[in-house]
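Chemist: Turn this into a structure:
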Amino acid sequence: QVQLVESGGGLVQAGGSLRLSCAASGRTFSNYNMGWFRQAPGKEREFVAAIRWGGGSVSYTDSVKGRLSISRDNAKNTVYLQMNSLKPEDTAVYYCAATRDPTWPPLLYDYWGQGTQVTVSS
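Modeler: As a prediction, this is how the structure comes out:
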C-alpha cells in the first residue's frame with residue numbers, strides 16, 4: 001500500500017502561483033511513477049501531469065504546458081506541482097496518484113490521495 005497526502009491548495013487570484021505537494025508513505029516511493037489529476041465541478045477527472053520514478057521524463061496535458069511543472073524529491077518521498085500564471089479554469093480539486101504501470105505516460109494508477117482544492121478567482 002502507498003498512502004498519499006496532498007497539501008498546498010487554496011484561493012489565489014488569476015495570474016498567481018501555488019505549489020502543491022504530495023507526501024507518500026508505505027512502499028518505496030522511488031519505485032512509482034507519479035501523476036497529478038484534477039476534477040472541476042460537474043466535470044470528469046482529467047490528467048494534468050506525470051513524472052517517471054527517477055524524474056527523467058515528464059508529461060503534461062496541453063492546457064497546462066508552460067504554466068505548471070511537476071517535480072519530485074525521492075529523498076523526501078514527495079512529488080510537487082508548481083502552478084504559475086493560474087487561470088480561473090484551473091479551479092478544481094487536485095489529486096496525486098502513484099502507479100507501477102510502465103506505460104508512458106501511465107494509463108492506470110493504483111493509489112490516490114484525498115485531493116486538495118485549488119480555487120482561482122478572476
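Chemist: Residue nearest the middle of the chain, spatially speaking?
Modeler: Trp36 (2.4 Å; Cα atoms, centre = their mean).
Chemist: who touches that one in this structure?
Modeler: Neighbouring residues of Trp36 by Cβ atoms under 8 Å, 6 or more residues apart in numbering: Leu20, Cys22, Val48, Ala49, Ala50, Ile70, Val79, Leu81, Tyr94, Tyr95, Cys96, Ala97. Placement of C-beta: from N, CA and C, glycine included.
Chemist: For the second one, give me its contacts.
Modeler: By Cβ under 8 Å, 6+ apart, Cys22 lies in contact with Leu4, Val5, Glu6, Ser7, Met34, Trp36, Thr78, Val79, Tyr80, Leu81, Cys96, Gly113.
Chemist: thinking again about what came up before, give me the buried subset of the contacts of Trp36.
Modeler: With neighbours counted by 16 or more other Cβ atoms under 10 Å, the contacts of Trp36 contain buried members at Leu20, Cys22, Val48, Ala49, Ala50, Ile70, Val79, Leu81, Tyr94, Tyr95, Cys96, Ala97.
Chemist: Off-centre distance for stretch 101-113?
Modeler: Per Cα atoms, centre = their mean, to the nearest Å, the displacement of stretch 101-113 from the mean C-alpha position of its chain is 12 Å.
Chemist: same deal with stretch 48-66?
Modeler: Using Cα atoms, centre = their mean, the offset of stretch 48-66 from its chain centre is 9 Å.
Chemist: list the buried ones in it?
Modeler: Neighbour-count burial for stretch 48-66 flags Val48, Ala49, Ala50, Ile51, Arg52, Trp53, Ser59, Tyr60, Thr61, Val64 (criterion: 16+ other Cβ under 10 Å).
Chemist: Take the residues you listed and write them to CSV, including secondary structure, pLDDT and distance to Gln117.
Modeler: As requested, the buried residues of stretch 48-66 are exported to CSV (DSSP: H, G, I helix; E, B strand; the rest coil; pLDDT from 0 to 100; distance: Cβ to Cβ, whole Å):
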residue, secondary structure, pLDDT, distance to Gln117
Val48, strand, 98, 15
Ala49, strand, 98, 18
Ala50, strand, 98, 21
Ile51, strand, 97, 22
Arg52, coil, 95, 27
Trp53, coil, 91, 28
Ser59, strand, 97, 24
Tyr60, strand, 97, 21
Thr61, coil, 97, 19
Val64, helix, 97, 17
